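Asker: okay, predicted coordinates and the sequence, questions at the end:
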Amino acid sequence: MKKLISICLGLIILIMMMTGCNISQGKDNITINKLEDDNLTMGINYSVENLDKGKYEIEYKAEEYEYGRLVKEYDLLKTMVENKDNNLKLGINYDQMLEEDFINILIEDNTYESKSLDLLKASEEGIAMTTLNENKELELNKPIVIAAYSIGGKGNTTSGVNIDKSEKVSNHNKNDLIIFLKIKKLS
């Protein structure tokens, strides 16, 4: 009888170790949600939700591709913000009508200009913009693709990049500019 009880206790402990008993309360996942498209320009606004209060480093980067091959990387903006609630409003905006060669970066109520982008300087053909259409989980300290600008080239149709499922760039477009966002908690 003692042997049977010992075997049952051993099995219970083994099952608990395999399944993992976690009694700590899990925090809500940090998500990035599409707020609205800017229909006058090529822009998008997002809300990052479920952030703790505190200081964060916000970093925007971009990768430029030519026919699917990486040709240049850009550090667009790195800044610190203090989050006073659990949401943070972020976005990007490009106004092709003004023939600008930079992207406006929006953080809360502030607008910053990115560095000059070669792809936008040389853009004689039309540009298509792809944004996140689905809410996505965001991991701190890990970049996430938030937008892509694509140029098909003369006589070619422009193919969008499906950034909801993958960030893989095809070799169909003459140029693609992939925009990344990374958020790092400072305190």
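Answerer: Everything's here; your move.

Asker: quick one: the strands in the chain?
Answerer: Read by DSSP state E, the chain holds these strands, from start to end of the chain: 31-38, 42-49, 54-66, 69-83, 87-94, 104-107, 110-113, 128-131, 136-137, 144-151, 175-185.

Asker: now do the longest one, average pLDDT.
Answerer: The one in question is strand 69-83. Mean pLDDT, strand 69-83: 92.

Asker: mind checking which of the strands of the chain is nearest Ile15?
Answerer: strand 136-137 (29.3 Å; Cβ to Cβ). Quick note: C-beta positions are derived from backbone N, CA and C, even for glycine.

Asker: worst average pLDDT in the strands of the chain?
Answerer: Least confidently modelled of the strands of the chain is strand 31-38, at a mean of 75 by mean pLDDT.

Asker: rewinding a little: so which of the strands of the chain comes closest to Lys2?
Answerer: Nearest of these to Lys2, taken as Cβ to Cβ: strand 136-137 at 49.1 Å.

Asker: quick one: strands adjacent to that closest one?
Answerer: Paired with strand 136-137 in the same sheet, following DSSP bridges, are strand 31-38 (antiparallel).

Asker: which one's the longest helix in this protein?
Answerer: helix 2-19 (DSSP state H).

Asker: thinking again about what came up before, now render the strands of the chain as JSON lines, adding distance to Ile5 and mean neighbour count.
Answerer: Formatted as JSON lines, these follow (distance: least, Cβ to Cβ, whole Å; neighbours: other Cβ atoms under 10 Å):
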{"stretch": "strand 31-38", "distance to Ile5": "47", "mean neighbour count": "15"}
{"stretch": "strand 42-49", "distance to Ile5": "50", "mean neighbour count": "20"}
{"stretch": "strand 54-66", "distance to Ile5": "51", "mean neighbour count": "18"}
{"stretch": "strand 69-83", "distance to Ile5": "54", "mean neighbour count": "14"}
{"stretch": "strand 87-94", "distance to Ile5": "53", "mean neighbour count": "20"}
{"stretch": "strand 104-107", "distance to Ile5": "62", "mean neighbour count": "18"}
{"stretch": "strand 110-113", "distance to Ile5": "66", "mean neighbour count": "12"}
{"stretch": "strand 128-131", "distance to Ile5": "61", "mean neighbour count": "20"}
{"stretch": "strand 136-137", "distance to Ile5": "44", "mean neighbour count": "14"}
{"stretch": "strand 144-151", "distance to Ile5": "52", "mean neighbour count": "23"}
{"stretch": "strand 175-185", "distance to Ile5": "48", "mean neighbour count": "21"}
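
Asker: of all those, which lies closest to Ser6?
Answerer: Distances from Ser6 to each of these were compared using Cβ to Cβ; the minimum, 43.5 Å, belongs to strand 136-137.

Asker: and the contacts of that closest one?
Answerer: By Cβ atoms under 8 Å, 6 or more residues apart in numbering, the surrounding residues in contact with strand 136-137 are Asn29, Ile30, Thr31, Ile32, Ile144, Asp164.
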